[in-house]
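*Asks:* just the structure for this:
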Amino acid sequence: MDGVTVINHPLVQHKLTIMRKKETSTAGFRRLLREISTLLCYEVTRDLELTMETIETPMQTIQAPVLEGKKLVFASILRAGNGLLEGMLELVPSARVSHVGVYRDHETLEAVEYYFKAPESLSERLVIVVDPMLATGNSSIAAIDKLKERGAVNLRFLCLLAAPEGIRNFHEVHPDVPIFTASIDSHLNENGYIVPGLGDAGDRMYGTK
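*Replies:* Next up, the predicted model:
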């Protein structure tokens, strides 16, 4: 699909398979989510711009590459997004963090916003929005709507799994935001869950129902 990058690194695919298994424990699921998020973060930041800086090694003075521009923002869609956030911050500990509280009404499948907090100067930063699942797309669309209202112009969306229906809905509203995912699954069921999927990521991560 246009505008979608599937991250098919063998380690990503292996860990995702274990996460899909219904017998994987809460502790195991949480650990794997943290591990896979670090690998996904590596891929979604692959093309960050660099500039050269003069440094001194123990041997000599050289020109060496460093990241250019203001620090990244990782925007977590609560609550399940925090599972991806933890691993990404291990790789980029200096990143700023935004939290977007959005939940899906299980009757209407529409997104309901309840919390928003973001750093300043979003217009000058790359904002990577994270949520394990892109199902109907309603929550991610609402989160990105809010971030754009606050000035964000350079955004990417990162998830573990995406459904074709969610991708279509998402790109109808935000065609300028590329999607990075570990898998495009088959479809959504009548309850708006991804099939074959891995269940509710938030419930599996926190041991709730």
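
*Asks:* buried residues of the helix-or-strand element of the chain with minimal mean pLDDT, list them for me.
*Replies:* Across the helices and strands of the chain, mean pLDDT, DSSP states H and E gives its lowest value to strand 111-117, namely a mean of 83. Residues of strand 111-117 classed as buried by neighbour count (16 or more other Cβ atoms under 10 Å): A111, F116. Placement of C-beta: from N, CA and C, glycine included.

*Asks:* kindly report the same for stretch 147-161.
*Replies:* Buried-residue list, stretch 147-161, by 16+ other Cβ under 10 Å: L147, K148, A152, L155, R156, F157, L158, C159, L160, L161.

*Asks:* likewise stretch 184-203?
*Replies:* I184, D185, L188, G192, Y193, I194, G197, L198, G199, D200, A201, G202.

*Asks:* redo these as JSON lines? Include secondary structure.
*Replies:* Listed next are the buried residues of stretch 184-203 as JSON lines, based on DSSP: H, G, I helix; E, B strand; the rest coil:
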{"residue": "I184", "secondary structure": "strand"}
{"residue": "D185", "secondary structure": "coil"}
{"residue": "L188", "secondary structure": "strand"}
{"residue": "G192", "secondary structure": "coil"}
{"residue": "Y193", "secondary structure": "coil"}
{"residue": "I194", "secondary structure": "strand"}
{"residue": "G197", "secondary structure": "coil"}
{"residue": "L198", "secondary structure": "coil"}
{"residue": "G199", "secondary structure": "coil"}
{"residue": "D200", "secondary structure": "coil"}
{"residue": "A201", "secondary structure": "helix"}
{"residue": "G202", "secondary structure": "helix"}
